[in-house]
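Undergrad: A predicted structure for the sequence below; I have some questions about it.
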Amino acid sequence: MLTIKNLVSILGLPAILRLSPGLHVPIPHGFIGTMAKKNRQVKQYEAEPAKPHVTTKVQIIQPETPSTYYSNFIEVSHTEYEFALSFAKLPTKLRPQQLLDVKSGEPLLLEPLLQVEVPTRLIPGLVRALMLQVEIYEKRYGAIPGSGQKNGGQSTNGKTK
């Protein structure tokens, strides 16, 4: 009887196993016609011990001449993996073409001065840090105008001052 194993031995070439149309994988001679033994022992792999996490305090040092940007407009967007903050500066005086565009209902187009992408895992801590800084600021200097807290920017009739 002619089997695949005999055919491979006769031809002296590795057998070809057809997995899907157009895809062929060569099989070495010793693998044709052999089956696993029932009493085969499966090698057990032990999980690697978990590496200890290292925590440290980080402090940002200020360089002699830090890069500083002034921004009076921030656009926030996000993807599944990060939040993006795009910082821009609204001009105090619009160019003639910008003025025409805005008057016709077009948005004012600004290029960002800086874009910062923050991993989503850092956002809750960022929000807490900002809220803490707002509290500290308001204790020291009073309510931030327009914040809506402690009557900041709000008149008694609910309209913005």
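TA: Perfect, I can see it now. Quick caveat, the model's predicted, so the values are computed rather than measured.
Undergrad: Quick one: low-confidence residue ranges for this structure.
TA: Within the chain, the stretches with pLDDT under 70 are 1-47, 148-161.
Undergrad: doesn't residue 108 fall inside a strand?
TA: No: if the criterion is DSSP: H, G, I helix; E, B strand; the rest coil, then residue 108 is coil and not within a strand.
Undergrad: ok, it to residue 67 distance?
TA: 25 Å (C-beta to C-beta, to the nearest Å). From N, CA and C alone the C-beta is placed, and that goes for glycine too.
Undergrad: Between the two, which has more neighbouring residues?
TA: residue 108 (13 against 6; other C-beta atoms under 10 Å).
Undergrad: you'd agree the more buried one is up against residue 88?
TA: No: applying C-beta atoms under 8 Å, one finds residue 108 not in contact with residue 88, separated by 9.5 Å.
Undergrad: What count of nearby residues applies to residue 101?
TA: Other residues close to residue 101 by other C-beta under 10 Å number 15.
Undergrad: Then residue 88?
TA: 19.
Undergrad: Does it touch residue 71 like I think?
TA: Yes: in this structure, residue 88 is within contact of residue 71 by C-beta under 8 Å, at 6.2 Å.
Undergrad: what touches both of those two?
TA: residue 113 (C-beta atoms under 8 Å, 6 or more residues apart in numbering).
Undergrad: Contacts only, for residue 81.
TA: Residue 81 neighbours (C-beta under 8 Å, 6+ apart): 119-120.
Undergrad: Against residue 119, how distant is it?
TA: 7 Å.
Undergrad: try residue 109
TA: 29 Å.
Undergrad: Residue 53 too?
TA: 17 Å.
Undergrad: So for the two, which residue has more residues nearby?
TA: The neighbour comparison of residue 53 against residue 119 (other C-beta under 10 Å) goes to residue 119, with 9 against 5.
Undergrad: I'd assumed residue 84 was in contact with that one.
TA: No: Residue 119 lies out of contact with residue 84 (C-beta under 8 Å); the separation is 11.0 Å.
Undergrad: Longest helix in this protein, please.
TA: helix 123-141 (DSSP state H).
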